[in-house]
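Undergrad: How does the following fold in three dimensions:
(one chain, ligands or ions: 2)
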Amino acid sequence: MSKKYKIGVMPGDGVGPEIIREGLKVLEVACKKTGVKYELVHYDFGGERYLKTGEILPDSALAEFRKLDAIYLGAVGHPDVQAGILEKGLLLRTRFELDQYINLRPVILYPGVYTPLKNKEPKDINFVVVRENTEGAYCGIGGVFKKDTKDEVATQLDVNTYKGVERCIRYAFELTKKRNVKKKLMLVDKANVLTYSGDLWQRVFYKMGEQYPDIKKEHAFVDATCMWFVKNPDWFDVVVTNNIFGDIITDLAAVIQGGLGVAAGGNINPEGVSMFEPIHGSAPKYAGKNVINPIATIAAAAMMMDVLGETKTAQVIENSIKNILSSNKIKSMDAGKMGFSTSEVGDLITEAVVSG
Ligand code: IPM
Ligand code: MN
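TA: Ligands and ions are numbered 1, 2, ... in the order given. Coordinates of the predicted model:
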């Protein structure tokens with residue numbers, strides 16, 4: 001008997017429910033086509049539930065998450081909830097507790113998608129950012145002293161452990177090898193100023209690099225990387241970096257691939273339960289309007305299938321996205337400007353899966 005996956009679905013806040021609905025629609029037909037079986041377990045965590053019950057993510061839910069095969073997440077963030085509460089209590093807590101130590105963010109310019117970079121084509125923009133996802137500046141260590149006075153002191157620690165750095169860099173080397181494209185791995189840091197953490201990352205990177213003689217080891221500072229992403233995106237194959245730099249550079253990277261409407265990401269624990277999401281937020285101003293672009297979320301479903309080892313299903317979804325985009329039907333990747341509603345874009349891709 002073939003495996004039946006148990007997938008947790010957490011639409012979350014804002015536009016989350018609309019985009020997850022489209023993602024599930026595409027997932028259903030793709031899995032039917034390839035014979036992949038799954039059941040869904042629905043979770044209504046997010047701003048609404050928090051405002052009603054005060055509950056963000058109970059331990060019992062986390063215990064259930066650990067028994068799932070994957071989690072499919074919409075978006076987190078609610079205008080009536082103070083920034084940080086849901087982000088930390090729901091999103092970061094899941095990433096940390098499930099030890100999803102990699103945040104994998106492919107940067108692919110699909111054919112037919114507008115990039116603001118002049119003279120750049122799909123062949124020029126095809127790389128992956130491997131972002132450390134469980135420590136660094138996100139660890140939540142720090143504090144405040146003499147708050148609300150002129151003597152106030154606030155600290156926020158950037159924690160880099162040997163284990164955390166090593167497993168992240170290992171993953172990046174292995175991915176570069178598996179991709180087998182340019183065979184280039186670039187370490188991105190700010191080691192000219194952040195010398196202690198920079199030194200740890202660089203030592204691990206070059207030492208481990210000896211085990212990968214066929215892979216070119218490159219290094220760039222994070223500020224320069226922002227410039228190169230815009231000037232020469234074609235240089236990149238795989239980029240590895242810490243949590244906060246990875247967060248920042250992937251918003252920039254998303255724009256060169258056509259915007260947050262198409263950028264998907266995976267929070268990956270290679271030995272455990274991973275979680276897949278569009279990298280955009282909950283976009284409250286578009287919530288309930290059926291105008292947001294669901295493609296990032298649909299691409300996240302493809303990534304989920306790929307990480308589960310269902311590569312054929314992943315390809316079916318990916319190809320359908322590509323077919324629809326290259327047909328130039330969708331006018332823009334931006335919310336409200338697509339020329340179609342959220343559900344119509346979902347329908348187009350669903351039909352492409354069925355007829356593809
Ligand atoms: C992302 C988001 C999150 C992050 C926020 C919502 C905590 O910006 O997934 O990139 O910073 O990781
Ligand atoms: Mn971000």
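Undergrad: Kindly list the main-chain dihedrals of the residue of the stretch 251-356 of the chain at minimum distance from ligand 1?
TA: Ranked by CB to the nearest ligand atom, the top residue of the stretch 251-356 of the chain for proximity to ligand 1 is residue 279, at 5.4 Å. Bear in mind the C-beta positions are built from the backbone N, C-alpha and C, glycine included. Backbone torsions for residue 279, taken as degrees, to the nearest 10, come to phi -80, psi -10.
Undergrad: wait, it sits on residue 262?
TA: No: at 9.7 Å, residue 279 and residue 262 do not qualify as touching, with contact defined as CB atoms under 8 Å.
Undergrad: Now do the shared contacts for those two.
TA: Common contacts of residue 279 and residue 262 (CB atoms under 8 Å, 6 or more residues apart in numbering): 254, 296.
Undergrad: between those two, which one's more packed in?
TA: residue 262 (24 against 20; other CB atoms under 10 Å).
Undergrad: In a strand, the more buried one, correct?
TA: No: counting by DSSP: H, G, I helix; E, B strand; the rest coil, residue 262 is not part of a strand but coil.
Undergrad: Now do the contacts for it.
TA: Residue 262 neighbours (CB under 8 Å, 6+ apart): 110, 113, 254, 293, 295-296, 299, 333.
Undergrad: Restricted to helices, list these.
TA: 254, 295-296, 299 (DSSP state H).
Undergrad: Would you format these as CSV with pLDDT included?
TA: Shown next, in CSV, are the ones in helices among the contacts of residue 262 (pLDDT from 0 to 100):
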residue, pLDDT
254, 97
295, 98
296, 98
299, 98
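Undergrad: Not including adjacent chain positions, what is the nearest residue to the residue of the chain at minimum distance from ligand 1?
TA: Going by CB to the nearest ligand atom, ligand 1 is nearest to residue 87 of the chain, at 3.9 Å. The spatial neighbour of residue 87 that comes closest, neighbours along the chain excluded (CB to CB, 6 or more residues apart in numbering), is residue 76 at 6.0 Å.
Undergrad: what's near enough to touch that neighbour?
TA: 12-13, 16, 46, 86-87, 90-91, 281-282.
Undergrad: Against residue 195, how distant is it?
TA: 34 Å (CB to CB, to the nearest Å).
Undergrad: what does residue 322 give?
TA: For residue 322 relative to residue 195 (CB to CB), the value is 44 Å.
Undergrad: who's more crowded, these two?
TA: Between residue 322 and residue 195, residue 322 has the larger neighbour count (other CB under 10 Å), namely 19 against 11.
Undergrad: what helix or strand is the more buried one on?
TA: Here residue 322, judged by DSSP states H and E, is contained in helix 311-326.
Undergrad: residues in contact with the next helix or strand after that helix?
TA: Next along the chain after helix 311-326, taking DSSP H and E as the criterion, comes helix 342-355. Contact partners of helix 342-355, identified using CB under 8 Å, 6+ apart, comprise 15, 18-19, 21-23, 25-26, 29-30, 33, 290-295, 298, 316-317, 319-321, 323-324, 329-330, 338, 340.
Undergrad: which among these end up buried?
TA: Using 16 or more other CB atoms under 10 Å as the burial test, the contacts of helix 342-355 include 15, 18-19, 21-23, 25-26, 29-30, 290-295, 298, 316-317, 320-321, 323-324, 330, 338, 340 as buried.
Undergrad: interface residues of the chain facing ligand 1?
TA: Contacts of the chain with ligand 1, taken as CB under 6 Å from any ligand atom, map to 87, 91-92, 247, 279.
Undergrad: Just the ones in helices from these, please.
TA: residue 247.
Undergrad: which intervals of the chain have sub-threshold pLDDT?
TA: When residues are selected by pLDDT under 70, those of the chain lie in 1.
Undergrad: what residue lies at the spatial centre of it?
TA: Nearest to the geometric centre of the chain sits residue 265, at 1.9 Å (CA atoms, centre = their mean).
Undergrad: any chance you could map the helices in this protein?
TA: Assigned by DSSP H, the helices in the chain fall at 16-34, 47-53, 59-65, 85-86, 93-97, 162-179, 195-209, 222-231, 243-256, 295-307, 311-326, 342-355.
Undergrad: nearest residue to residue 233 other than its sequence neighbours?
TA: Once flanking residues are discounted, residue 233 sits nearest to residue 125: 4.8 Å by CB to CB, 6+ apart.
Undergrad: Could you measure from the one you found over to residue 236?
TA: For residue 125, the distance to residue 236 - CB to CB - is 9 Å.
Undergrad: Also residue 124?
TA: Using CB to CB, residue 124 is found at 10 Å from residue 236.
Undergrad: can you check residue 81 too?
TA: Using CB to CB, residue 81 is found at 36 Å from residue 236.
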